[in-house]
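*Asks:* quick one, structure for this:
(chains A and B)
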2 protein chains.
Amino acid sequence: MSGALSRLSINQMTVRQLTVPALVEACVTLGVPAVGLWREPVAEHGLAATAKLVRDAGLTVTSLCRGGFLTAADPAGRARALDDNRAAVDEAAALGTDTLVLVPGGLPPGSRDLAAARERIAECLAVLAPYAGERGVRLAVEPLHPMFAADRSVVSTLDQALDLAERFPADRVGVVVDTYHVWWDDRAPAAVARAGAAGRLHAVQFADWTTPLPAGVLTGRGQLGDGVVDLRAWRERVEAAGWCGPFEVELFSDGLWGRDGAEVVAETAGRFTDCVL
Amino acid sequence: MSGALSRLSINQMTVRQLTVPALVEACVTLGVPAVGLWREPVAEHGLAATAKLVRDAGLTVTSLCRGGFLTAADPAGRARALDDNRAAVDEAAALGTDTLVLVPGGLPPGSRDLAAARERIAECLAVLAPYAGERGVRLAVEPLHPMFAADRSVVSTLDQALDLAERFPADRVGVVVDTYHVWWDDRAPAAVARAGAAGRLHAVQFADWTTPLPAGVLTGRGQLGDGVVDLRAWRERVEAAGWCGPFEVELFSDGLWGRDGAEVVAETAGRFTDCVL
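*Replies:* Next up, the predicted model:
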């Protein structure tokens, strides 16, 4: 395995056009030692089959995406969310990863109350953290860019995510640092140090910020080096906070999804070496 | 004039389909006492002619949009920006408004250094604040939503805008609170109080947040009441901070721009009464 790629993990969403076996083959061929997986494509290939495939290939599963969406105001909606998140924890454990990424969730239909939605997330974490802990899985709360505050995450900054996480033991609830979501925030560097000091830095993801954003703003992430994020500075920042784990590259990109998947994995590995290390 | 509308100002961009005379007529007809103007349409109608028209109609000009874009790294680019902003100050004075809205500016081409760009804004404010002060014009720094951090404003939060403004006298440099840009920020309420206490709350603008965002994300602002922003809470928040001035409604919206302008002004006045007051 190439030393330069020893810290790289390819998040499955970066090459959603690849089947699980094709993703595994591309990573093994290039010497990429780890992958971040998503529940839907894992379910398509089969949970047990995926777990065996990545294990036999010697790949590490750095995280499972995603649980979360914990802001439902109605009891039935919350119960559904908790059941789904328990299933996600079980799937993470079955895949051999210790990290479940949580996308907190947006405002429920008709609501304008951000503070109440954030409090409901804490209430759900209180239920899920012990369940996850008993299964060796850490819940990693991912603050999403404020442009997603209405529909995906009322948790928009690293400090907000840490405020939530710190209500629970550090080995059970932490945060995800994804450069795409926090690059703009002048308080994020201090929050990274805060997360590291508290032992709550549970996952690190890289993506670049490019403009113009596409309609819906979900699928316009930039390949590493194509945008304005100082990726090397962010890598140094999380390392200074004590991070010595893998760097996941997670790119939601219509452009990348339209290309040959193995070629995208190879390009991403090259960009990782050139722009992050 | 209707008491309910006594605090309302229609920002010209909300109905860009209207000529200056048509905007003035629509406001006078409805009893809207104030307008926020933009430099380009004012120049089209003529600066002196616009000043006379609004004055003769008894309308207040609550602000001129916009100066700013102060992040150029090269001397020639900075000199052009300063010249343009001096002209904007002169135009504001000619129109009889004491408030020039500044859009700070994004990262220059090829740069990834947010901190340096923010510092260059401060350097430009040091040049522009005395020039504006001598002409009775206040510079109002507008933090833009973080989704614009790369290309329009490296100043993304009210606290960042205040950190910049507080290097200068409060009667010369303050901030704009636009609900569209800051609604998501859990620190914004405290920053509003901070701005009010410091006498730096120089303009208040209302727009609602709706999803999905359009491509480019510039022209998807929601009509008051159509989105997720608790507009009444924001009105009460700025009033609690001491704001007793006008509320500008500034909506960049392809949908509104495609309709009859006078009808949009009437609808906006109704929504202001129903959703903000």
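*Asks:* residues of the stretch 51-200 of chain A that sit close to chain B?
*Replies:* Taking CB under 8 Å from any CB of the partner chain as the measure of proximity, the stretch 51-200 of chain A contacts chain B at A:107, A:111-115, A:118, A:145-147, A:149-151, A:154, A:156-157, A:160, A:183-186. Heads up, the C-betas are built off the backbone N, CA and C, glycines and all.
*Asks:* if we use 10 Å, what do you get?
*Replies:* Residues of the stretch 51-200 of chain A lying near chain B by CB under 10 Å from any CB of the partner chain: A:106-107, A:109-115, A:118, A:145-157, A:159-160, A:163, A:181-187, A:189.
*Asks:* buried subset of the residues you listed, written for ChimeraX?
*Replies:* To isolate in ChimeraX the members of these that are buried, counting by 16 or more other CB atoms under 10 Å in any protein chain shown, one can use:
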select /A:106,107,111,112,113,114,118,145,146,147,148,149,150,151,152,153,154,155,156,157,159,160,163,181,182,183,184,185,186,187,189
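*Asks:* any idea how far A:Pro189 is from A:Val217?
*Replies:* Taking CB to CB, to the nearest Å as the criterion, A:Pro189 is separated from A:Val217 by 24 Å.
*Asks:* quick one: contacts for A:Gln205?
*Replies:* The contact partners of A:Gln205, by CB atoms under 10 Å, 6 or more residues apart in numbering or on different chains, come to A:9, A:11, A:36, A:62-63, A:65, A:101, A:140, A:142, A:176-181, A:246-251.
*Asks:* where's A:Ala203 relative to B:Leu5, distance?
*Replies:* For A:Ala203, the distance to B:Leu5 under the criterion CB to CB works out to 51 Å.
*Asks:* which one of those two has more residues nearby?
*Replies:* A side-by-side neighbour count of A:Ala203 and B:Leu5, using other CB atoms under 10 Å in any protein chain shown, places A:Ala203 first with 28 against 20.
*Asks:* ok so that one is a strand residue?
*Replies:* Yes: read with DSSP: H, G, I helix; E, B strand; the rest coil, A:Ala203 is one of the residues of a strand.
*Asks:* contact partners for it?
*Replies:* Going by CB under 10 Å, 6+ apart, A:Ala203 touches A:9, A:36, A:62-63, A:65, A:97, A:99-101, A:138, A:140-142, A:174-178, A:243, A:245-248, A:250.
*Asks:* find the nearest non-adjacent residue to it, please.
*Replies:* With sequence-adjacent residues excluded and distances taken as CB to CB, 6 or more residues apart in numbering or on different chains, A:Ala203 is closest to A:Val176, at 4.4 Å.
*Asks:* quick one: low-confidence parts of the stretch 51-200 of chain A?
*Replies:* Residue ranges of the stretch 51-200 of chain A with pLDDT under 70: none are present.
*Asks:* sec struct for the residue in the stretch 151-277 of chain A that chain B sits nearest to, please.
*Replies:* Proximity to chain B, evaluated over the stretch 151-277 of chain A using CB to the nearest CB, is greatest for A:Trp184 at 3.8 Å. Secondary structure for A:Trp184, judged by three-state DSSP, is coil.
*Asks:* ok, now A:Gly133?
*Replies:* Strictly by three-state DSSP, A:Gly133 counts as helix.
*Asks:* again with A:Leu224
*Replies:* Of the three states, A:Leu224 takes coil under three-state DSSP.
*Asks:* that one touches A:Glu248, doesn't it?
*Replies:* No: with contacts counted by CB atoms under 10 Å, A:Leu224 stays clear of A:Glu248, the gap being 11.8 Å.
*Asks:* spit out the residues that contact those two alike.
*Replies:* When contacts are counted by CB under 10 Å, 6+ apart, the set common to A:Leu224 and A:Glu248 consists of A:Phe206, A:Ala207.
*Asks:* which one's more surrounded, these two?
*Replies:* Applying other CB under 10 Å to A:Leu224 and A:Glu248 shows that A:Glu248 carries more neighbours, namely 28 against 24.
*Asks:* quick check: phi and psi at that one.
*Replies:* phi -90, psi 140 (degrees, to the nearest 10).
*Asks:* against B:Met147, how distant is it?
*Replies:* Spatial separation of A:Glu248 from B:Met147 under the definition CB to CB is 23 Å.
*Asks:* for A:Arg55, same thing?
*Replies:* From A:Arg55 to B:Met147 the distance is 40 Å (CB to CB).
*Asks:* what do you get for A:Arg232?
*Replies:* Here the criterion is CB to CB. By it, A:Arg232 lies 24 Å from B:Met147.
*Asks:* now the host helix or strand of A:Glu236: average pLDDT?
*Replies:* Secondary structure assigned from DSSP states H and E places A:Glu236 in helix A:231-240. Per-region confidence: helix A:231-240 scores 98 on mean pLDDT.
*Asks:* that'll do, ta.
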